[in-house]
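task: produce atomic coordinates for the following.
(2 chains)
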Amino acid sequence: MNGEVTTLLRAWNDGDPDAFERVVPLVYEELHRMAARYLIGEPSSISLQPTALVNELCLRLLGWDGVRWQSRGHFFGVSAGMMRHVLVDIARRRRAERRGGPHVVRVPLDTIDVPASEPGADLLEIDSALQLLALEDPRKAQVVELRFFGGLSMEEIAETLGVSVRTVHADWAFARAWLYRTLADAHAH
Amino acid sequence: MPTEHWQRVERLFAEAQEQPPPMRAGFLAGACGPDARMRAEIDALLSAVERAGDFLTAPALDVFARQISREGWAVQPGDRIGSYTVERRLGAGGMGEVWQARDARLERDVAIKLLLPRSSRADEGLQAFQREARAAGTLNHTNVLTVYDVGEHGGAPYIVMECLEGESLRARLNAGALSVDTVLDVALQVARGLDAAHARGIVHRDLKPENIFLGRDGRVKILDFGLATLHVAAAGLPGEPGTTAAGSLAGGTVGYMAPEQLTGEMVDGRADIFALGVVLYEMRAGRPFKGNTTLGTINAVLALEPADLAVANPETPLELRDIVQRCLAKSPDDRFATVADLESALDSLIQARQRPTPSVLTLLRRPAVMVIVLAVMLAIAAGGWRWRVSTSRARWARNIAAPEVQRLAARGDVAAAYLLVREALDVLPDDPQLKQQWFDNSIPAAVTTDPPGADVALAAYRSPAPEWISLGRTPLRGVRVPRGLFRVKISKAGFEPILASGSPGGLFYRLDPVGSVPPGMVRVVGGRDPVRFGGMGDLDDYWIDRFEITNRQFKAFVDQGGYRRRDYWREPFVEQGQSVPWDKAVQRFHDVTGQPGPAAWRSGTYPDGQGDHPVGGVSWYEASAYAAFAGKSLPTMYHWYRAAALGRFADILANSNFGEQGPAAVGAHGGLGPFGTFDMAGNVKEWCSTETGGRRFILGGAWDEPRYMFADYDERGPFDRSADYGFRLAKYMGPLPPAVTAPVPMETLVPDRQPPVGDAIFAVYRSMYAYDRSPLNATIEASEETPIAVKQTIAFDAAYGGERMRAYLFLPKHGSPPYQTVIFAPGADAVVLRSSRDMSLAWEDFLVRSGRALLYPIYQGTYERQTSLTGGRMAERDWRIAWSRDLGRAIDYLETRSDIDRNRLAFYGVSLGGDMGVVMAALEPRLKTCILQATGLVDGAAPEASIANFAPRLRMPTLLITGRYDFEQPVETSQRPLFALLGAPPADKRHAIVESGKSLPMTEVAREMLPWLDRYLGRVVR
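Got it, this is the predicted structure:
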């Protein structure tokens, strides 16, 4: 499986958008498993960081022999982007699967799962807001992508983007406030 | 490029936050002036900061996971699946979800079980599954869940079943044991359902209370025939078939699986009888086979007899007891031959009881409905997860145990890996992968006791209720122990047992006759703490408290007038050079209400329920007074450190009280030390008698401190009484030498480091390492294949002594020549081991997998090239010179090979190999980069071979990987100073600190090393 994923990801990285379509179902299962495992919870260990799961996934899927990495930062940058693409794509497909059309649904009111009403619980809206942020300030959007989707530490982000750690912290703080406000405003309407 | 407006907003946002909150409004008013829009924006952002909470703090994966969990893995209410309309979710688990749906055609409610989506490669399996599912069977049975339909929706296979109202047997059991009549009723119905299935050749294989449904109408149904396999496969990880968090093995749930199922032999209907027996037992008296771990439960099923059911629940009729016992026979031949036989037995018993109340059994039989024969559920396994009925024990060992061993070891839980691989080797003693894992996770050691003839058992370190395995009787030589921290138990009749942590090496214990050990204390065998106090000389044996002094113990001191008895207070009270009279001093030692006692006590006593917590809030003087009262002493710093024995493995930190809200009951965290102590790491800090500059050492760290405080020095004023100050006592067997009791100036504890020597002198040192390039006379003595490499044994002439030396060259199968090559230098275990057969390759595995070659020379003094090391600085220097020449020779050899890329050589040294490596690599210009692991600025060598002199000359790109809790080479005093000295330019050196002890988990090392090698050796071209 690894070989196939790797080839497709490489093709995608080289600019073939169709390759991505084909890789998603392969990665889908893996992500489901990871999500299940993440929710079940792993026994604690001194060296396990929750955000390391993302990198573990990418390392496992991509390996170090497949795609051309220019640097550690490059790898992390691409893996964060990939993670974002895949998660958002899956979320979008799920939503699209919902058949349209009216039909009577006898759903007892007390059993409906209350949809998330606070910002931050819906990946698609976070992604949209992030795209808006990228229009205003690309670097801040990159910081969010690397941190939120890629799980990198502040130091690793600084290294990837070539800025100081202080800058990363400031970018993150501002971006977070901006995104929250944008989403909260959207919810209010 | 962000607009000016944007940049201004950003700037003001940051500046506003720097103002104290009350000043912000004013600041913004001034800064924004009339620009109300700007003002509103910034206010909105500041308000967002307040409300954001944990927005975006969890990674996207978390949001993703929760979102799909919330919304449903594959469908949402209102979706249509075939002709059914999904309404609400009934449940969800690791394998998929169950939804209630409406069948509009037949106007009935159904349950749809959706399994996690499959990718296209499972298509053939899915089709087979559907084909067989639709093959209508004529089995219809009221005690088996009716399946109406199967299909696939958006990649997710689903099963449409009758919708049941009621509860699972598990839910009912949670509310308590069942009456005999109910038990018999349930048992009979289940038996009938099983009978019907067995008649069709289907064995359930995962019968358990979760799979037995008690309908509201009194009917009992069996669910989930064979779905267990998909359940597990979906929740596991690729390459790790089988284990999930919930203690199940591939295909079943441990605790209900019959012995022949666990060992992978032929399984027939009698395995279901066993499971039914377990369920019967559990309905009356709880689980018959219970262990604290999966392995423990397996062991119980295979080897232990459960307690007599009639004894466990006295109101159980003996006939039922007998029936259950027969179901639970270890050998299938001893059980009921068929379920029909079991049914008869149950029937007879029920008749015999002749209860007047109408039995549920007489319930009507529904008209026959088509039931899908669920033998096909076994076909679900198709597509990669096929569970063969006769899975061999070999497959368990290879497919389940081996990956689990890998996972445990990579995580650093070496002792648990060791125990598991031992089990697996019992099954497959010749499997090469398991054998290598055995070498990777174990190492020969010696265990001796005085007197000899004691039984030694060992267990995993981290797990709370470890299982013990016996190693044998002392003296033991060459017995294999885990390559990490473990627990050890020493027992001999007539002597006090010893429980302590053990680590690889020579373990020696002195046993004490029963009754001769001071209560609550353990013996610390004499010696010294070589890491810090090498020049100290040896300490004699002494006793030390197993636990910190508790509140309850201290109360005895208080109640017996300890604060009033002047003769307990023998230490002079001195503050800022002035002497303080006794009565004035003692007045300070009072509790919250003003009574004499520790700082946080009230009215002369401790808070309720905290009798077993360590006493805290005591000054050094109070601790000393208690010591006098008890007839013991506070330990000196040396005695404390010897008992704590900081070593290579930081596992104790995982079992210690750090970063919690407050102290824990002594021993509760299970942080066992090498002499049997608990809580030397964390809980409360512990006063020592040793003085430094008028203050006293207080060691070990506390609940409210970071973990590295276990190892770091700390000293406080003797009058100080913080809540986390406590102590434990020592008892000496004789007078202490003056050197040990003398005060210690703090400066002496910081290593005195000379600056590195100048270039002229260094040139002289360098010349001592030169050697003549005489002919190598190299031969390839052997060549064998491993799963990932071709392993060649090379021999060539050493650079000295007319010796011949060997090296192992691993050529990667997934790679093409000329290979980049990493030359390895091992840690001290290579010195301990006599044979390179025992070599652990765990550290290098990932390198070879990355497509690079690995050269592992047998350096002087390691493996077969043992020398009798005399110790001392000159011998140490000569040893470093020898290794350096061995490395040179090894590279000389590599240069003769056309399949090795001589321009892409790296050095990788671990621990001892890292210490040596600084010297070796500094003198070897043919290396492109150097990676050092688990080392630091280790002092004490002669200047011609000292790390301090060579580090600045190590100018090639260098990666230093270390553990934050490395006690032997701590971060601040050893690791960072080494890094600072390394001669590479700042852009070409890196210090990666991993959250672990000296022994680093492999995955972390790979994460750092592989990108580094890609950068400095180049990417591997396939």
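
centre of the chain to stretch B:606-613, how far?
Per CA atoms, centre = their mean, to the nearest Å, the displacement of stretch B:606-613 from the mean C-alpha position of its chain is 31 Å.

my bad, stretch B:477-495
Centroid displacement of stretch B:477-495 relative to its chain, using CA atoms, centre = their mean, is 20 Å.

can you check stretch B:400-415 too?
9 Å.

would you confirm that B:Glu260 contacts B:Met266?
Yes: shown here, B:Glu260 and B:Met266 form a contact pair, counting by CB atoms under 8 Å, at 6.8 Å. Using the backbone N, CA and C atoms, a C-beta is placed for each residue, glycine as well.

the more surrounded of the two?
B:Glu260 (18 against 10; other CB atoms under 10 Å in any protein chain shown).

the longest strand in chain B is where?
Taking DSSP state E as the criterion, chain B has its longest strand at strand B:900-910.

and it, which strands flank it?
Using DSSP bridges, the strands paired with strand B:900-910 are strand B:819-825 (parallel), strand B:929-933 (parallel).

mean neighbour count and mean pLDDT for these - can I get that in JSON lines?
Below are these laid out as JSON lines (neighbours: other CB atoms under 10 Å in any protein chain shown; pLDDT from 0 to 100):
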{"stretch": "strand B:819-825", "mean neighbour count": "25", "mean pLDDT": "96"}
{"stretch": "strand B:929-933", "mean neighbour count": "27", "mean pLDDT": "97"}
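
which one of those strands lies nearest to B:Gln7?
The closest of the strands paired with strand B:900-910 to B:Gln7 is strand B:929-933. By CB to CB, the value is 41.4 Å.

quick one: contacts of stretch B:828-838?
Under the criterion CB atoms under 8 Å, 6 or more residues apart in numbering or on different chains, residues B:439, B:443-444, B:483, B:504-505, B:806, B:808, B:839-840, B:858-859, B:861-864, B:866, B:911-913 lie in contact with stretch B:828-838.

which among the residues you listed are in contact with chain A?
By CB under 8 Å from any CB of the partner chain, no member of the contacts of stretch B:828-838 lies near chain A.

pull out the buried residues from the residues you listed.
Neighbour counting with 16 or more other CB atoms under 10 Å in any protein chain shown marks B:439, B:443-444, B:483, B:504-505, B:806, B:808, B:839-840, B:858-859, B:861-863, B:911-913 as buried within the contacts of stretch B:828-838.

re earlier: could you point out which element follows the longest strand of chain B?
Next helix or strand after strand B:900-910 toward the C-terminus (DSSP states H and E): helix B:912-922.

for that following helix, buried residues please.
B:Leu912, B:Gly913, B:Gly914, B:Asp915, B:Met916, B:Gly917, B:Val918, B:Val919, B:Met920, B:Ala921, B:Ala922.

please apply the same query to stretch B:743-763.
Residues of stretch B:743-763 classed as buried by neighbour count (16+ other CB under 10 Å): B:Val744, B:Pro756, B:Val757, B:Phe762.

which one of these sits closest to B:Gly983?
When the buried residues of stretch B:743-763 are compared against B:Gly983 (criterion: CB to CB), the nearest one is B:Pro756, at 9.7 Å.
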